[in-house]
Structure formats: structure tokens, C-alpha cells
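Asks: give the three-dimensional model of this entry:
(2 chains)
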Number of protein chains: 2
Amino acid sequence: MNSPLKVAVLGCGSVGSQVVRLLGEQADDLAARVGAPVQLAGVAVRRLDAPREVDVPAELLTTDAAALVARDDIDLVIEVIGGIEPARSLILSALENGASVVTANKALLAEDGPTLFEAAEKAGRDLYYEAAVAGAIPILRPLRESLAGDKVTRVLGIVNGTTNFILDKMDTQGSGFADALEEAQALGYAEADPTADVEGFDAAAKAAILASLAFHSRVTAADVHREGITDVTAADVRSAREMGSVVKLLAIAELVPSADPAEDAGVSVRVHPAMIPRSHPLASVREAYNAVFVESEAAGQLMFYGPGAGGSPTASAVLGDLVTVARNHRQGTRGVGESAYADRAVLPMGETRTRYHVAIDVDDRAGVLAAVAQAFAEHGVSIQTVRQEGRGNDAQLVVVSHEASDAALAATVEQLRDMEIVREVTSVMRVEGTEE
Amino acid sequence: MNSPLKVAVLGCGSVGSQVVRLLGEQADDLAARVGAPVQLAGVAVRRLDAPREVDVPAELLTTDAAALVARDDIDLVIEVIGGIEPARSLILSALENGASVVTANKALLAEDGPTLFEAAEKAGRDLYYEAAVAGAIPILRPLRESLAGDKVTRVLGIVNGTTNFILDKMDTQGSGFADALEEAQALGYAEADPTADVEGFDAAAKAAILASLAFHSRVTAADVHREGITDVTAADVRSAREMGSVVKLLAIAELVPSADPAEDAGVSVRVHPAMIPRSHPLASVREAYNAVFVESEAAGQLMFYGPGAGGSPTASAVLGDLVTVARNHRQGTRGVGESAYADRAVLPMGETRTRYHVAIDVDDRAGVLAAVAQAFAEHGVSIQTVRQEGRGNDAQLVVVSHEASDAALAATVEQLRDMEIVREVTSVMRVEGTEE
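Replies: Predicted coordinates:
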């Protein structure tokens, strides 16, 4: 057998402890798959005496992560601390010291990926991060490798389990956002401070990573238009249901066509709630599951589904990367690095073409529909469907538009809100996953 | 730019012509992703003057495939002829001549994979075949690489679009097998001679490939227990519907536990129709789509969904492999080769543990249920649910068993058929995708 590869694990929380467990339990299989034993050489923790889910021999524990990654004998570093610092410095130091790195750190990659990728390139080492997006679901490797001969045109992802759980409860139980959030918190699906999830920050980081890979361009979290689900109301969910749709928080990355068919105008990268038809494969993603739907020119429509979080699923993704990285490290080669050769521009949200679903309470009298239709027409927005329902003295109009610039659609809604015949705009939401 | 890599394409049918098209249309992207231009150097066809979907310069066409793969300047060979010979000889010759190979040939891999893998290993070249299973759906790479740090316990696949289309029509339209097959043929989803699809040969080849990868063992098509869908009746489909299930043709590969928890008894690899609950992610796979559901110890449940056939989707998978193989070829490295280190035994079907759904028309009189229950008990089969429905003088009993050996379940059904009180066993089908 070849000499063992030594692994340092940074962080021993819910993911790190499962990584350590699997390194032990799967040792024989890992050795067979890597071609050499993979030996746990150190675990960096914040407190030596903290309770943890796995037994780590005391001599492997250290609070000095910087010293651990600087050790000469470390071949592979697994970073599962999360956050920007000290994770970034530790990864950079590990690469400089000649180690290959596996990380699950979406926030860091979305904020400062290029710095890390350049360091890996310079060091001639791998930096893999499948676990950073959609937990155990293999999505980065398929995008990067399986679809390398194809042209990806759109990625629609349910990449945040907390918000999917909340929206699923709002859909199935008819509850409002606050009640559904409370239930998610009680069941451990949402944190006490749910901001990162419900405001879409977590999904936006993943959208940036997906867009970078899908379109071979550099997209950071700051480029991502982000709207969370805190404003999604029971009325929105009901309105979606009435038109055979369901509300999901989507991370979207898509090529935007230009007038010249040989070139794309750029990419749109955004996170927002959207109505999708119940017949769409993403519609059946329930509870806290994740799924990523990919459209490409030759392959057509693909979907990848599974648990998007949790210690053990995330550890599975980390260890899958570890096997690849360890094989490469042993053979002195590198896997596919990052590529940003296409260098596509990220378009502002206003220039992105979307579709709106708008529900309006109006006076029930002659000329109302004409006035509403006129407001859409003034902004160059063409209407796909209108549904009108009388309700005594007033009526509800539900309009679904064709694709138009998001700015034109937003301006249309603004105008509707100011119209005298409009009592209330009860629901405004983008529509995705349907054909034009 | 680095010097170009030269590609020979063997076969220019529906897949080959799309491969040739994409090699041209995506040339710039392929070059950027590989790190060198990928240049079409020859296309082997049966007839030079046959009509084809893509324009191939006449000087690239040849009917002498053997001479093409023997050329010194060929770096990469794409085999999309299909069948056993001459595909096998051509691939072996290509590897011997130092080319790396991408193939979509499931039949050949399932029959004689080990010969090819050994030749690739000996030549130090890659042999990739993502397109051989489930068309465009990236499933082999995730199994081989993404899940390399995990322990796969079960793979359930809808891997044949023709049979899924037929069963979907039987379910949604209530039609019988013959009518649904006719519709599939009229729409081009089934061939004039549908044997390979409806008798499960195609799915069995894919099951062998999936099992080999998932369990790091050598499994060939001959090891796969195979039942097609020609005996599935409208009554079976109705009976499934009544219990909230749907009938699918599944390719199944699973670890079978043994009495010793540290060891598995072996693997079960089989293709047969089965009832799965409508809430199962595979149940919503409609028409000719494919999907593969994977269960693993750490990741939990994953599903991969997409088009399982068609020239363009299959070509996407071929070209994804081509990019990896070309990068490796250029750098003088190899990707992950085949591994059969676990060397697990394939269990006979009789020893496989399954569950049965049995619908029986019986006389409606006292003691009937007791007699039927007794028949199950005599074979050591425990019953999970029984539903009884009166119908005038007779009654229908629907029994779903717990897990038992397939042999015991088959013997139980034999005994039921011989019982005087049993008028007819109207439906017998295995049940999958439910928890015990």
C-alpha cells in the first residue's frame, strides 16, 4: 500500500464531526478508492473541551488552526468552519504550504472565490467545494464536468431548505409567513436569527457559485439581485394555488439573449420568490429538500434532487471531493480548475427579462379592465392571461404578463397602485418555469 | 494555444451526427475548457452516401473504421455505433494505439466491460461512458466520484424511456399494454421490434453498469434478474392506483444485509415492474423521461432526472466525457478508472428480499381471510396490510407483504393459485420505494 495521506479537519461542528466519523468508518473503502490510506492528522476546534458528536483522540485536537495547516506533513485540508475569517487565511495558508483543500464554505467562495482559485492555481493544488451548494446533491461536478461539452442556458435552484420548508408549510397548511417560520424554528429547520435564510443571503451566495460555474464567468454575491421571502403573504400563496402554481424561493442564473443571435447580452443572477406551475419538477420539492434544475442546449432539462443541508449529507459531499483531491494530490495532478474565460457581464435586475403575476382588487364597473390593460400597454408589457372574478361591488383581476424587462414590470405595478379604480394590489410575484 | 487534439467519431447516426454538430458549434468553448482545440479528424460510417442529420466534409468520411482508429494521429475516439462487434474490437484497437475513448455502448459494457477496462488500464488511457446509462443525466460521474466518500446502499432507476412512456400511458389513460405500446410506436418512442425495451434487456444492461459502479464490483448483464413489462395488465395498474401507487419498470441494485452487521450478504441486481407510492420522487417521472434514485448512508436520498435518450441529449453526455478525457490525455493523466475491489457477490433472485402486492378474487364467505393469511404464514411471509372488498358473492383481497425472500413470496403465490377458495390471482407485483 502507498504511504498514507494526512488530513487536517478545520472545525468539528455538525459537518466536521460527521467528516471525522466517516473518515474512521469508511477508512478501508476510502483507501481503496484513493489508492492510499487517508489518515486523520489533526482537528482544529474552538474549545478543546466542547461536547461533540464524535470521539476525537485528544492528541489530534488543537485550538491552533493556523499551526495545523502550516504543518509540513499535512497533505489535505478540510475547511468546515464557515464564515469569511479565519477560514480564508487558513485556506490560503494551506494552499501555500502545498496542501489540497476541500471546503463547504459558500459565503467565502461567493465573496472572494477568485482570490482562492488563484491561490490554488499558483500552488498547483486543488480547491474543491461541492458541499457549498445544495449539501449532498452532486451539482457542481455535473455542471463543471458532465455538462462541459454542452451550453447551459439556465439554472433554477431551490437551494435553501429553511425557506422551502416555510413556503411548503404556507402552501400545504395555508399558514402565514410568521406562523410557518415559528414552526420551522420549533423543528430546527430555521435558526433563532433566520435572517441569512429568509432574506435570501444564503441562496444568493449559492446563486453566485452556480452562475460562475454554469457560465464560466466571475460572479460574486454582490452581483446577485436578492429578495427574500419575508414579504410573501398567505394571499400570494393562495393566488398561486388558484392558477395551479406554487411559490418557491428560486436561485436563478440564466443567459440573457441579445439582438444578435451569435452573442448573449449577459447573464442574470438573482434570488427571489416566484410562482412555478405545479407540473414543474421543482414544484414537488417538499419540506427542507433542495433541488437544482438545469436547462442546456443539447441535454435539455435535468434535475438534481436531495438533502440540501445537515451534517451527514454535507459530509458525504466533502468526502466525495476528498477522494478526488486525494487521488490528484497523490499523482501530482490537478482536477479541473475554475475558468472564467467567457467573462460574461451580469446584467442589472431592471434589464433582466421576467414575467409578473399581479392580483388586483378593483371596482367592479365598466372600463376597469381596459384601464388596467392600458397601464400594462403604456410600459410596453404584453399580457398573457387575465382572469376576472366578481365579488359583490368589487372584482379581482389576476394578470400574468409575457416577458418584459423587470424595470417595465415594476413601473407598471407602481402605476397600478396609483390608479383610482385599483383598491389594492394584493399580490405581485414573478413567474418562472413556464414556456413563453 | 496548444496543438489540437484529433478526434475520430465512429458512427454517424442520431447520436454521432449530434456529436459532430456540437464539435463544430461549440468548438471555441470546447477549446477553452480542454485547453486545446478539439479537431474532428474522421468519421466512420457504414455508407458514404447515406443521408445524415449533419454535414460532414467528404474527406473526413470513411467506411474503414478499423483504419481510422489505427491512425497515428488520433488522440480521442468516440464510439457511438452500438452493439458488441465491431464496437469492441474498435475500442480495443483504439486503446492499444494510445487513444482515449468515450463510448455510449451500454450493451457492450454490460456484457464485457472488464475486458475493456483492463485494456484501458494497460494502455494508461481513459475509457468513459456516461452516455451509456440514462442519456444526458449525469449519473455515472456522481456515483463514481461525488459519492466516493459515502456508502451507496441502493439504486432505483427508471432507465428506459420506452417502457416508462408505456406504463405512464397505462396509468393516465387506463389503456392496456398493447394499446400503449402501439401509441409509443406511433410517436417514435418504441421501435418496430420493441423486445429490447419491453422485455427489460436495455434496462438490465444499465442495471449491471450502475451496480458495478455503486458497489465497486463486477456485475454483467448475465447476473441481472430480468422481467419486462409485457405481462403488466390494466388490472395491475388499477390495483396500484387503488393503493396510491404507480407501476414503474425499475432497475434495482441494492446491498443485501447479512446477519453480521459488519458485512453485507451481497448485492441484488434486478429489473422488474414494481409498484411505488405516488409520493416517491420516482413516481412523478412521466412520459419517456428517466431518473435514478440513489440511497446512501451519509447523503440520504438523491435523485437525478432528465431525458434518457435522444441524439442531442446523449451527445451532451458524450461531449462532457470528451472534455474530461481530452484534458487528461493532454496532461498525460487518467481519470478514475474502474474499481472492483469490493468484489461483492450477486445473490440469486430467490434469496433477494422483496415485498409483494397480491390481489386475489375469493369467495365471500367466512374463513377465507384466515385461509389466505395461513398460506402466507406457511411460507414465513408476514403480512403488512390486507384490504378486503365485498363484490356480491365474491370479494377482492389485496395483500401487501413485509419483506421476505423472493422465493418464499413466489411460493406463497403458487399456493394461493391452487386454493379452492381463490377464484383468481388478479395481480402480483413487487413493491418498492416504501419503508418497511
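
Asks: need the contact list for the closest residue to chain B within the stretch 1-150 of chain A.
Replies: Nearest residue of the stretch 1-150 of chain A to chain B: residue A:149, at 2.3 Å (CB to the nearest CB). (C-beta placed from N, C-alpha, C; glycine too.) Contacts of residue A:149 were listed using CB atoms under 8 Å, 6 or more residues apart in numbering or on different chains, and they are A:298, B:22, B:26, B:30, B:33, B:315-316, B:318-323.

Asks: try 7 Å this time
Replies: If you count contacts by CB atoms under 7 Å, 6 or more residues apart in numbering or on different chains, residue A:149 has them with B:22, B:26, B:30, B:316, B:319, B:320, B:322, B:323.

Asks: okay, now the sheet partners of the lowest-mean-pLDDT helix or strand in chain A, with direction.
Replies: Sorting the helices and strands of chain A by mean pLDDT, DSSP states H and E puts strand A:383-391 at the bottom, at a mean of 87. Strand A:383-391 pairs in its sheet with strand A:394-401 (antiparallel), by DSSP bridges.

Asks: quick one: contacts for the closest residue in space to residue A:124 that isn't next to it in sequence?
Replies: Excluding the flanking residues, the one nearest residue A:124 by CB to CB, 6 or more residues apart in numbering or on different chains is residue A:334, at 6.3 Å. Residue A:334 makes contact with A:124, A:125, A:126, A:328 under the criterion CB under 7 Å, 6+ apart.

Asks: so how do I select the buried members of the residues you listed in ChimeraX?
Replies: This is how ChimeraX selects the buried members of those, with burial counted by 16 or more other CB atoms under 10 Å in any protein chain shown:
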select /A:125,126,328
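
Asks: now the contacts of residue A:334 in TSV, with secondary structure and pLDDT?
Replies: What follows is the contacts of residue A:334, written out as TSV (DSSP: H, G, I helix; E, B strand; the rest coil; pLDDT from 0 to 100):
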residue	secondary structure	pLDDT
A:124	coil	95
A:125	coil	96
A:126	coil	97
A:328	helix	94
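
Asks: if we can go back for a sec, so the residue nearest to residue A:124: helix, strand or coil?
Replies: For residue A:334, the assignment made with DSSP: H, G, I helix; E, B strand; the rest coil gives coil.

Asks: and if you look at the one 3 residues further on?
Replies: When the structure is split into helix, strand and coil by three-state DSSP, residue A:337 lands in coil.

Asks: how deep is it tucked in, by neighbour count?
Replies: Residues lying near residue A:337 (other CB atoms under 10 Å in any protein chain shown) number 14.

Asks: that one contacts residue A:123, correct?
Replies: No: applying CB atoms under 7 Å as the test, residue A:337 and residue A:123 come out as separate, 11.1 Å apart.

Asks: against residue A:158, how distant is residue A:280?
Replies: 11 Å (CB to CB, to the nearest Å).

Asks: of those two, which one has the most company?
Replies: Shown here are residue A:280 and residue A:158; by other CB under 10 Å, residue A:158 has more neighbours (26 against 19).

Asks: doesn't residue A:291 make contact with that one?
Replies: Yes: if you go by CB under 7 Å, residue A:158 and residue A:291 touch, sitting 5.1 Å apart.

Asks: about what we covered before: mind listing what the closest residue to the residue of the stretch 1-150 of chain A closest to chain B other than its chain neighbours touches?
Replies: Among residues not flanking residue A:149 along the chain, residue B:319 sits closest, at 2.3 Å (CB to CB, 6+ apart). Listed by CB under 7 Å, 6+ apart, the contact set of residue B:319 reads A:149, A:150, B:19, B:22.
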